[in-house]
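>>> predicted model and sequence below, questions to follow.
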Number of protein chains: 2
Amino acid sequence: MIAEILCIGTEILIGDIVNTNATYISKRLSEYGFDVLYHSVCGDNKVRLEETLKHAFKRADLVVTTGGLGPTYDDITTELCAKALGLGLHKDENVEKQLYSYFEKTGRKMTENNLKQAMVPDTSTVLMNDFGTAPGIAVEKDGKVLVMLPGPPREMKPMLENQVIPYLSKYTDHVLVSSNVNIIGMGESSVEEKLYDLMTKSKNPTLAPYVNEGEVRVRVTARGKNEVEARKLISKTVEEVKTVLGRVVYDVDSPSVEHSLVKLLSEKKKTIATCESCTGGLVSASITAVPGSSEVFGFGVCTYANEAKMRLVGVKADTLEKYGAVSEQTAMEMAEGVRKLSGADIALSLTGIAGPGGSSDEKPVGLVYLGVSVGDKLYAKRMLLGQHATRDREYIRKLAVKNALMTAIDEVMEL
Amino acid sequence: MIAEILCIGTEILIGDIVNTNATYISKRLSEYGFDVLYHSVCGDNKVRLEETLKHAFKRADLVVTTGGLGPTYDDITTELCAKALGLGLHKDENVEKQLYSYFEKTGRKMTENNLKQAMVPDTSTVLMNDFGTAPGIAVEKDGKVLVMLPGPPREMKPMLENQVIPYLSKYTDHVLVSSNVNIIGMGESSVEEKLYDLMTKSKNPTLAPYVNEGEVRVRVTARGKNEVEARKLISKTVEEVKTVLGRVVYDVDSPSVEHSLVKLLSEKKKTIATCESCTGGLVSASITAVPGSSEVFGFGVCTYANEAKMRLVGVKADTLEKYGAVSEQTAMEMAEGVRKLSGADIALSLTGIAGPGGSSDEKPVGLVYLGVSVGDKLYAKRMLLGQHATRDREYIRKLAVKNALMTAIDEVMEL
């Protein structure tokens, strides 16, 4: 079934907002086997919207619109869509009731225009909006399916997930679901080598190793009659992948590196501490972004000045004098210092040159040392980051954080 | 002149990437007075691309395409665009030369397909690509203007800025440029009141107070024959705004709150320290994101555990026992403690409940105390954040950071 996504909104056309709705809807529709062949954006203009809708219905069987469902005079989507499909409009009592109750609750005055939102096309299915006042619409006529969704993503997404996808399931006979197996300490080619037999043998699900922002993953994609069936197939294959790859699998469908790290530390009842210079608190901020991280994290320091390195975690003046703040030696003393200070099982430190200033002949922008203190081990990893990119300060900091968290996962898996 | 932006690429249609090119180009074209009335996305399919181009040229005078300029068999944009405009193709020698040199330099083998990229429409202006192999194209025929740009943003943007905008200047007689005046400590309505006379009097530039993510700004927009002329008009009006509003203006075109804070501290030769609990290092990470922040920042601590609050910054066990970690008293001791520890001129502390867990009847999710120690002052601000949103942990942390940095700006302006 050919689909077109038509987003209505002048703010998109003048470049004020990025059209993330089209991306989100496309991804989900594609997973359900719809052929998304066109995206369009049109402004809140009656003539142009009417033409765009007409053109959409000519070339697509499923048209999903977002926006233009508000109460102001330029919200004309419902009216024009009904016209395009040759349908009349009528007032939906449930929507009207919800509108009255919303205005009562928020103490705002309802206008004639607001009542417009209660008008829906004949024969349509009304999709109640749990996060706003405009209902969504789903309707079919003469083989054409139309779904109208509110523009704001926080209203559109739940409606799509909870009501539209179930509604559309009658037009599709399969769904594609993917899971990502998270790998550490093995390159993409080696993973592909080890999984060769499984990949060749398995037609559904399919297995695809790939790299995303420096991380190796194996995407396992299953096709099933519905999501439950697809996920059953995936689970089985994911277990096979874990058996073949062994220890290099550190998580499945990890929401983020820090999430996986906190989960591992929690499972092993271990704690972590951080001492950051160039990353300024990004590592501790990442760890604490994970709910429940207080179980595994309690102490973080940002020793941005040399004075702080000495006073907070005991880096020796001598070391700073001899090797400099950005050195293997300083990184190790920072890690050891914060480990002693906190009593944590593992401690990370980061000291480097994020740029654009601060470099020298021997120490270029992107040079970052990662110090690690864990068990009996104390070492520092020398990294040269962002060399092939535009040497962006934020990018270098981001890479340093990623490296630190991945290294921590690697170490914690051994604990 | 009516413009349509047509982005070519199947990866956009399946939801793999967000269409940021359309947003960027729209914004720039709108600033130059073009009426961007349509966005379209089409896949790398000959038939559909041909139809989409035909339709675009019917309804728009300027069509800007991105993508489909690569060397593979599905890169057909140039061929189809030439056809749509009734133009032949010829080989451009400069492009061919650049292609050969690129392949020589990178030691890669050039194929027949690569040479395809040297074919350009007759009468067109070739836009050399400094960041890739595919040249851009600009051509006019029978009142229709076509601009073809490469898909990757890092190739598209410089080409748009350095070559396309100058090329298009013959079709436009003006440009719109905006500046934002950054306000602190005054609400939107009061700003509007104070600026009433200036707003009524000034037709070019126009003045528009507005709120963006809790910050009040005044957008000053000027229309000029070119950018230089527009900026002259803006400067003059911005000075008038500063005169009328006085102290509440803390910056103009601030890249970020932290940027403005570091700039202010630097100008006044003052330093800042941070002691964070719930925000986990986000404040120190923000401050250190600004190049040159080492002049004004040296010490940050993340006292996530009560043990750390006591041991690192001297919060009294008694205080924690009596009032709890999330309290006015603890916030003040944290701020005072890190101020003493660092010797900074101003210190901030944050302790709160980011959620989803950790709340109680008296202390709900979103309760955050901001402690401030500056000069002779020591106080804590009680905030209830994210109450009207979905109480998202990251959102609450983000709001806490924003509040802390804005409060610091307010205090530092008094130093």
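Looks like it arrived, so ask away.
>>> export the helix or strand harbouring A:L99 as PDB, just CAs?
Taking DSSP states H and E as the definition, A:L99 sits inside helix A:93-105. Extracted C-alpha coordinates of helix A:93-105, given in PDB (Å, rounded to 0.1, in the frame of the first residue of the first chain):
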ATOM      1  CA  GLU A  93     -20.600  14.400  20.900                       C
ATOM      2  CA  ASN A  94     -17.700  12.700  22.800                       C
ATOM      3  CA  VAL A  95     -15.200  15.300  21.400                       C
ATOM      4  CA  GLU A  96     -17.600  18.100  22.200                       C
ATOM      5  CA  LYS A  97     -17.900  16.800  25.800                       C
ATOM      6  CA  GLN A  98     -14.100  16.500  26.100                       C
ATOM      7  CA  LEU A  99     -13.700  20.100  24.800                       C
ATOM      8  CA  TYR A 100     -16.100  21.500  27.300                       C
ATOM      9  CA  SER A 101     -14.500  19.600  30.200                       C
ATOM     10  CA  TYR A 102     -11.000  20.700  29.100                       C
ATOM     11  CA  PHE A 103     -12.000  24.400  29.100                       C
ATOM     12  CA  GLU A 104     -13.800  24.000  32.400                       C
ATOM     13  CA  LYS A 105     -10.700  22.400  34.000                       C
END
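>>> buried set for that helix?
Residues of helix A:93-105 classed as buried under the neighbour-count rule (16 or more other CB atoms under 10 Å in any protein chain shown) are A:95, A:98-99. From N, CA and C alone the C-beta is placed, and that goes for glycine too.
>>> average pLDDT for it?
Helix A:93-105 carries an average pLDDT of 86.
>>> so what pairs up with A:G371 in the strands?
With beta bridges defined as DSSP bridges, A:G371 has these partners: A:S349, A:A380.
>>> I figured it hits A:A331, correct?
Yes. At 3.4 Å, A:G371 counts as touching A:A331 under the criterion of CB atoms under 8 Å.
>>> of those two, which one has the most company?
A:A331 (30 against 27; other CB atoms under 10 Å in any protein chain shown).
>>> so that one sits in a helix?
Yes. Checked against DSSP: H, G, I helix; E, B strand; the rest coil, A:A331 lies within a helix.
>>> in this structure it contacts A:A347, no?
No. Shown here, A:A331 and A:A347 do not form a contact pair, counting by CB under 8 Å, at 11.0 Å.
>>> what is in contact with these two at once?
Overlap of the contact sets of A:A331 and A:A347 (by CB atoms under 8 Å, 6 or more residues apart in numbering or on different chains) consists of A:G371.
>>> and the helices in the stretch 201-350 of chain A?
For the stretch 201-350 of chain A, the helices defined by DSSP state H, counting those that start in this stretch occupy A:227-245, A:257-268, A:282-288, A:306-313, A:317-323, A:328-342.
>>> so which of these is the most packed in?
helix A:282-288 (a mean of 29; mean count of other CB atoms under 10 Å in any protein chain shown).
>>> ok, residues contacting that helix?
A:256-258, A:261-262, A:272, A:274, A:276, A:293-294, A:296-297, A:300, A:302, A:348, A:350, A:397-398, A:401, A:404-405, B:278-282, B:285, B:302, B:304.
>>> then stretch A:194-211?
A:188, A:191-192, A:216-223, A:233-234, A:237, A:240-241, A:244-245.
>>> quick one: furthest residue from the center of chain A?
A:D318 (44.9 Å; CA atoms, centre = their mean).
>>> contact partners for that residue?
Going by CB under 8 Å, 6+ apart, the list of residues near A:D318 is empty.
>>> am I right that A:R382 sits in a helix?
No. Going by three-state DSSP, the assignment for A:R382 is strand, not a helix.
>>> what does the stretch 201-350 of chain A put close to chain B?
Within the stretch 201-350 of chain A, the residues that sit near chain B (CB under 8 Å from any CB of the partner chain) are A:274, A:276, A:278-285, A:287-289, A:291-294, A:297-305, A:307-308, A:311-312, A:341-342.
>>> the same query, at a cut-off of 7 Å, please.
A:280-282, A:284-285, A:288-289, A:291, A:294, A:297-302, A:304-305, A:307-308 (CB under 7 Å from any CB of the partner chain).
>>> mind checking which of the helices of the stretch 201-350 of chain A is nearest B:V177?
helix A:282-288 (34.4 Å; CB to CB).
>>> what's the closest non-adjacent residue to A:T10?
A:G43 (4.2 Å; CB to CB, 6 or more residues apart in numbering or on different chains).
>>> contacting residues for that neighbour?
By CB atoms under 7 Å, 6 or more residues apart in numbering or on different chains, the residues touching A:G43 are A:10, A:13, B:37.
>>> thought A:D44 was touching the first one, still the case?
So that's A:T10. Yes. When contacts are counted by CB atoms under 7 Å, A:T10 is listed as touching A:D44 (5.5 Å).
>>> these two: which is more packed in?
A:D44 (20 against 16).
>>> helix, strand or coil for the more buried one?
From three-state DSSP, the assignment for A:D44 is coil.
>>> give me the pLDDT value at it.
85.
>>> for A:R391, same thing?
On the pLDDT scale, A:R391 gets 68.
>>> cool, the one 5 residues further on as well?
Listed pLDDT for A:I396 reads 94.
>>> apart from its chain neighbours, what residue comes closest to it?
A:G386 (4.3 Å).
>>> now the one you found, what are its backbone angles?
When read as degrees, to the nearest 10, the backbone of A:G386 gives phi 70, psi 20.
>>> gap between it and B:E240?
To B:E240, A:G386 is 43 Å away according to CB to CB, to the nearest Å.
>>> buried ones in the lowest-mean-pLDDT helix or strand in chain A?
Using mean pLDDT, DSSP states H and E, helix A:112-115 stands out as the lowest-scoring helix or strand of chain A, at a mean of 79. Within helix A:112-115, the residues that count as buried by 16+ other CB under 10 Å are A:N114.
>>> likewise stretch A:373-380?
A:373-374, A:378, A:380.
>>> give me the distance from that stretch to the chain's centre.
33 Å (CA atoms, centre = their mean, to the nearest Å).
>>> could you do stretch A:268-279 as well?
Distance, centroid of stretch A:268-279 to centroid of chain: 24 Å (CA atoms, centre = their mean).
>>> what about that stretch, start to end distance?
For stretch A:268-279, the first-to-last residue distance is 27 Å (CA to CA, to the nearest Å).
>>> flag every buried residue along it.
Quick answer for stretch A:268-279 (16+ other CB under 10 Å): A:270-279.
>>> now for these, which pair is the farthest apart?
Maximum distance among these (CB to CB): 25.6 Å, for A:K270 and A:C278.
>>> just to check, A:E31 is in contact with A:V175?
Yes. The pair A:E31 and A:V175 passes the contact test of CB under 7 Å, sitting 6.1 Å apart.
>>> nothing else from me, thank you.
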